[in-house]
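Colleague: Show me how the following folds:
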Amino acid sequence: MPQLETRLDNTGATARFGTLLARLLRGGDVVLLTGELGAGKTTLVRAVASALG
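Modeller: You can find the predicted model right below:
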């Protein structure tokens, strides 16, 4: 299973990354997000969901 670890400096970068990530996802893919409270997990998920429609 491929793994990716990244650090993003701000919410804009997180949203852009989420949009790019959405382009790579296919039906049945599983994504695990971990991070401290306030790390940007929700921002990332919102960007992915928005990009997926």
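Colleague: contacts and neighbour counts: CA atoms only from here.
Modeller: Fine.
Colleague: In this structure, where's the longest helix?
Modeller: helix 11-24 (DSSP state H).
Colleague: Any idea how many residues pack against A39?
Modeller: Residues near A39, counting by other C-alpha atoms under 10 Å, number 15.
Colleague: ok so, going back, which elements pack onto the longest helix of the chain?
Modeller: helix 41-52 (3 or more C-alpha pairs under 8 Å, 6 or more residues apart in numbering; DSSP states H and E).
Colleague: for the helix it packs on, the distance to its chain's centre please.
Modeller: Distance of helix 41-52 from its chain centroid, counting by C-alpha atoms, centre = their mean, to the nearest Å, is 6 Å.
Colleague: Please apply the same query to stretch 43-53.
Modeller: Using C-alpha atoms, centre = their mean, the offset of stretch 43-53 from its chain centre is 8 Å.
Colleague: Show me which positions of that stretch end up buried.
Modeller: Across stretch 43-53, burial judged by 16 or more other C-alpha atoms under 10 Å covers 43-45, 47-48, 51.
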